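Novice: dropping a prediction and its sequence here:
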Amino acid sequence: MSAGRRPRWGWHRLADDAARKVVARTPVRPGDLVVDLGAGCGALTRHLVAAGAEVIAVELHPERLAELRRRFAGHPVTVVRADVRDLRLPRRPFRVVANPPFEATDAILRRLLGRGSALVSADLVLPRHAVERWAGPSAPGAGRWRREWHAGSGGALPRRWFRPAAPMPIEVLRIRRR
Ligand SMILES: C[S@@+](CC[C@H](N)C(=O)[O-])C[C@H]1O[C@@H](n2cnc3c(N)ncnc32)[C@H](O)[C@@H]1O
């Protein structure tokens, strides 16, 4: 793995109550297939399961993977060891709810909004500058994918919702199939 591809393990986890509020603002309903990209120890996965979703939790860090497998054994959660930048997406309609590794934002969105993607909706916790870039008129590839999806801000999240507190303003990028 080249230096540019090496994952950064530093993280800003969502506090439990914050993760609950993030999930409550999504359109996730019982029976939905939801992908949690960079699931960490399952802050969002936990509340997605509580909402009745079937979850694919993607992580690369060995100890966080082990914790996910332990914590969600017996629940409708498939834990996948994969790099979020190379992930093969589900073929059937799926949603994404994630607080992903920020440096992978562009790779994730190019994949989610690529041709043939079965993405229905995405709620991604990201730095504000990334939300402005992807919700704005000059988003990468927007001329093509905006015919299928709408992208906008789902609002700011307080920095204290993260452990440790987020060092920059954070918002939710909200993507919906038209
Ligand atoms: C911002 S943290 C969020 C963790 C969790 N979703 C939460 O909200 O508490 C991002 C997570 O992505 C994982 N990660 C970093 N790079 C990754 C990669 N390339 N592929 C998969 N997971 C990665 C980290 O180990 C970390 O757990």
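Specialist: Done, it's in.
Novice: would you check that Pro164 makes contact with His12?
Specialist: Yes - in this structure, Pro164 is within contact of His12 by C-beta atoms under 8 Å, at 6.5 Å. Quick note: C-beta positions are derived from backbone N, CA and C, even for glycine.
Novice: so Leu14 touches Val125, yeah?
Specialist: Yes - Leu14 is in contact with Val125 according to C-beta under 8 Å; the separation is 7.2 Å.
Novice: who touches both of these two?
Specialist: Val22, Asn99 (C-beta atoms under 8 Å, 6 or more residues apart in numbering).
Novice: who's the spatially most central residue of the chain bridged to?
Specialist: Centroid-nearest residue in the chain: Ala98, 2.2 Å away (criterion: C-alpha atoms, centre = their mean). According to DSSP bridges, the partner residues bridging Ala98 are Leu124.
Novice: identify the residues contacting it.
Specialist: Going by C-beta under 8 Å, 6+ apart, the list of residues near Ala98 reads Val35, Asp36, Leu37, Gly38, Ala39, Leu44, Ala122, Asp123, Leu124, Val125.
Novice: can you list the residues of this protein near the ligand?
Specialist: By the rule C-beta under 6 Å from any ligand atom, the part of the chain lying against the ligand is 7, 9, 11-14, 38-40, 43-44, 58-61, 64, 83-85, 99-101, 104.
Novice: ok, now with 5 Å
Specialist: 7, 11, 13-14, 38, 40, 43, 60-61, 83-84, 99, 101 (C-beta under 5 Å from any ligand atom).
Novice: most widely separated two among the residues you listed?
Specialist: Leu14 and Asp83 (21.1 Å; C-beta to C-beta).
Novice: okay, the two: which has more neighbours?
Specialist: More crowded of Leu14 and Asp83, by other C-beta atoms under 10 Å: Leu14, with 24 against 15.
Novice: still on that earlier bit, select only the buried ones of the residues of the chain next to the ligand in ChimeraX?
Specialist: Of the residues of the chain next to the ligand, the buried ones can be selected in ChimeraX as follows, counting by 16 or more other C-beta atoms under 10 Å:
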select :7,11,13,14,38,40,43,60,61,84,99,101
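Novice: out of the residues of the chain next to the ligand, which are inside strands?
Specialist: Among these, the members found in strands (DSSP state E) are Arg13, Leu14.
Novice: in helices only, show me the residues of the chain next to the ligand.
Specialist: Ala43 (DSSP state H).
Novice: the residues of the chain next to the ligand into CSV, with extra columns for pLDDT?
Specialist: Shown next, in CSV, are the residues of the chain next to the ligand (pLDDT from 0 to 100):
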residue, pLDDT
Pro7, 72
Trp11, 83
Arg13, 94
Leu14, 97
Gly38, 97
Gly40, 97
Ala43, 98
Leu60, 96
His61, 96
Asp83, 97
Val84, 97
Asn99, 98
Pro101, 96
